[in-house]
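Chemist: pasting the sequence and the predicted model now:
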Amino acid sequence: MARDIFADYIKKQRSRGSLERANPPEAGRGAGADNETVTILREISSKLDSFNRLYAGSSAADPITAPLQGSGMVDLAVENGRVVLPDNGVFETNVYIKDGKIHSLGNNPGLKARRTVDARGKYVIPGIIDPHVHLGLFASMAAELESETRSALIGGVTTVGCYFGGRESHFRTFPRIAEEINRHSFVDIIPHLVIATEEQRREITDYIEHLGVTSFKVYMNGIPGLIPDVDDGFILDVFEEIRKSNKRCLVCSHAENRDIVRRAYEAVRAEKGDKATVQDWTDTHPDIAEEEAVMRLSFLAEKSKVPVYFVHISSGSAIGRLRKIKQSNKYVNIETTSPYLSITRNCASGNSIKMEPPFRDIEDVEELWKAVFDGVVDTIGTDNVTMTKAEKRTEDTLWNTISGYPAVETHLPVLLNEGVVKRGIAIDTLIGKLTKKPAELFGVYPKKGTLLPGSDADIVIVDMNMVKEVKASERSSRSDFSLYEGRRLKGWPVATIKSGELVVENGSWVGNNSNGKYIARK
């Protein structure tokens, strides 16, 4: 992984007493930086080392050389904003963009921009990476790549990690998917491949070498008839294949004890029948199923020395267990989602919030937020599955309603409202879990996840004072419902820059053709 020269430099300056963190970046409050801060940022830009690679072996990476300060022309300047450097702080400075990359930061009168964007009073953050989405399940892949990735950009999400399943060899299915991504997607896509069959397992090292995929998924508990689950022996075989590659890979997992879930499911269905409500659904996936599964897989990962990534952790008991495990087990990485941080089983009376794992209680929400605060949670995704109410079958019985929801476009405002506004989490701490950390874990840092000069110019401008009511009819997704219908959220993205192009301005789409691509990691 490439060295973060921003972090190295800022740490050195702080140790010398040369740089103080800006004022706490709370909603509606300035980040105040003095001339010394701006000078240091300019010096960072002018004295950056050359990178050998953006990340080891990546076909998508080119060496980055430090941009020269002084006079010259850039394509775009984002001026007067409160620039968030994940893990380092918030600084009032300018961001200069050239040829789709971050050129430099600072206040450089000698640089002239063909176009400027005034971000005064707003936060300027790296493009959000949603590490967990599903596309093409209820509509064609091409159609959802167009509608949902444009919707993502309006919500400030510029890169997504997308899961691709099925029972065929991925060599038969993924080349067509990659072509559709490059043709139709407005965001960059990090592919994750589901491993569910012996054929797929045997081909893992070839997927790594020939497809540039280094993240895979196993389901400890699947969905009967739709997604197969696998046993521990199969998971150990997956670990062994990955070890053969000598590459740093992640094994993502839906972690629930399938036998405990099936036992609970049958008991609740037998008792409640067709009168079961979405509140009863939570009881079909008891906390113990998630807690036991994270313990078991953490143990297998440590013994195998293969990193695992727990997707969508939902319960307070599981995150409490993982807090203890992470103290000594370096192979454990944890994701929760914006819906699990904002929705409880009592948020709706209908079936629109049916999900696997299910939404739980407010105590679980608060335990998850505690884990965001103290660093136990590494990343925050959505587990987005785009569907309409008809496709979800919200008017059917609970048992026939499909699990899933659209969530990408509301991902960032939900987290800003619930985390920064309501709970007082520092904005740079939160944004780090949405940008830098997923980029590091999935092997795309510092190409993504930062505003380091030479990184992709994926930028979001956020107005922490903006309050809007969520209405599905006003969102850009093809879905016709939202988990947050009628909820007023404070803190919204107002502009998005993708690969150096301003594509969202004042909350409205102003972009041209799609320029997203599939990111191969080699």
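Modeler: Yep, that arrived. Residues are numbered from 1 along each chain as shown.
Chemist: His134 contacts Val385, correct?
Modeler: Yes: under the contact definition of CB atoms under 8 Å, His134 touches Val385, with a separation of 4.7 Å. Backbone N, C-alpha and C define where each C-beta goes, glycine included.
Chemist: overlap of the contact sets of these two?
Modeler: Overlap between the neighbourhoods of His134 and Val385 consists of Gly404, taking contacts as CB atoms under 8 Å, 6 or more residues apart in numbering.
Chemist: the strands in the stretch 101-250 of the chain, which residues?
Modeler: 101-106, 111-118, 123-126, 128-134, 157-164, 188-194, 215-219, 250-254 (DSSP state E, counting those that start in this stretch).
Chemist: just the CA coordinates for the fourth one, please, in PDB.
Modeler: Extracted in PDB, the C-alpha atoms of strand 128-134 (Å, rounded to 0.1, in the frame of the first residue of the first chain):
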ATOM      1  CA  ILE A 128     -17.700   8.800  -1.000                       C
ATOM      2  CA  ILE A 129     -17.000   5.100  -1.500                       C
ATOM      3  CA  ASP A 130     -20.000   2.900  -0.800                       C
ATOM      4  CA  PRO A 131     -18.300  -0.500  -0.400                       C
ATOM      5  CA  HIS A 132     -21.500  -2.600  -0.500                       C
ATOM      6  CA  VAL A 133     -24.200  -2.300  -3.200                       C
ATOM      7  CA  HIS A 134     -26.100  -4.700  -5.400                       C
END
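Chemist: tell me which strands and helices that strand is in contact with?
Modeler: The elements that strand 128-134 packs onto, with contact taken as 3 or more CB pairs under 8 Å, 6 or more residues apart in numbering; DSSP states H and E, are strand 157-164, strand 332-337, strand 379-381, strand 384-385, helix 411-415, helix 427-434, helix 436-441.
Chemist: same check on the third one?
Modeler: Here strand 123-126 touches strand 72-85, helix 427-434, strand 459-469, going by 3+ CB pairs under 8 Å, 6+ apart.
Chemist: now the element after the last one, going C-ward?
Modeler: Of the helices and strands lying after strand 459-469 in sequence (DSSP states H and E), the nearest is strand 488-498.
Chemist: winner for burial among the helices and strands packed on strand 128-134?
Modeler: Using mean count of other CB atoms under 10 Å, the stretch among the helices and strands packed on strand 128-134 with the largest mean neighbour count is strand 379-381, at a mean of 28.
Chemist: so what's Ile129 bridging to?
Modeler: Judged by DSSP bridges, the bridge partners of Ile129 are Thr159.
Chemist: at the geometric centre of this structure, which residue sits there?
Modeler: Most central in the chain under CA atoms, centre = their mean is Asp130, positioned 2.3 Å from the mean C-alpha point.
Chemist: residues contacting it?
Modeler: Ala152, Val157, Thr159, Val160, Gly161, Gly381, Thr382, Asn384, Val408, His411, Leu434.
Chemist: from what I can see the last one touches Ile129, true?
Modeler: Right, Leu434. Yes: at 6.6 Å, Leu434 and Ile129 qualify as touching, with contact defined as CB under 8 Å.
Chemist: show me where the stretch 251-400 of the chain has its helices.
Modeler: When assigned using DSSP state H, counting those that start in this stretch, the helices of the stretch 251-400 of the chain occupy the ranges 258-272, 278-281, 287-304, 316-325, 362-373, 389-392.
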